[in-house]
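missing the sequence, but the structure's below:
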């Protein structure tokens, strides 16, 4: 067990703080590098790409704005503005839910499908180069599993949108 933190200097060198800071720093830098490549090559932001993937996973039934917001840790207003931009680019459409006309379902257009495939090919290539290749091959699968565990734990700790 690590000792109690009693000074700012000690806090700065606490191994738990350092570990999380390294995770955050790596995520921010990778987000920047991978996101710029998606913008440059495909004309979409990394957040748009993530939403395209979420909507694609939902299938032909579509996905509600609330589900998109919850999955991306956005407000429903933020999700709506993002989907507005994506709709203006022709990537998604919105239609009223047959069960509740007040609820909008977001679906991929054919351009959204094509963009998701093209962006994914680029993204996988860059992930391989920048995310997996620096790690020893025998660590890669365990690292990905540990990240999944952390992601699910954090997602389950978030309050649900109403």
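That came in fine, so what should we check first? The model shown is predicted, which means the values in this text are computed figures rather than measured ones.

every contact and neighbour count from this point should use C-alpha atoms.
Will do.

just checking the distance from the helix or strand harbouring residue 147 to the centre of its chain.
Residue 147 belongs to helix 137-157 when elements are defined using DSSP states H and E. From the chain centre to the centre of helix 137-157 is a distance of 14 Å (Cα atoms, centre = their mean, to the nearest Å).

what mean pLDDT does it have?
Here helix 137-157 scores 93 as its mean pLDDT.

what's in contact with stretch 32-51?
Taking contacts as Cα atoms under 8 Å, 6 or more residues apart in numbering, the residues outside stretch 32-51 that touch it are 31, 68, 72, 82, 86, 115-116, 118-119, 122-123, 126-127.

buried subset of the residues you listed?
Listed as buried from the contacts of stretch 32-51 are 68, 72, 82, 86, 115-116, 119, 122-123, 126; burial here means 16 or more other Cα atoms under 10 Å.

now the residue nearest in space to the middle of the chain: how far from residue 115?
In the chain, the centroid-proximal residue (Cα atoms, centre = their mean) is residue 50; its distance is 4.9 Å. If you measure residue 50 against residue 115 using Cα to Cα, to the nearest Å, the figure is 12 Å.
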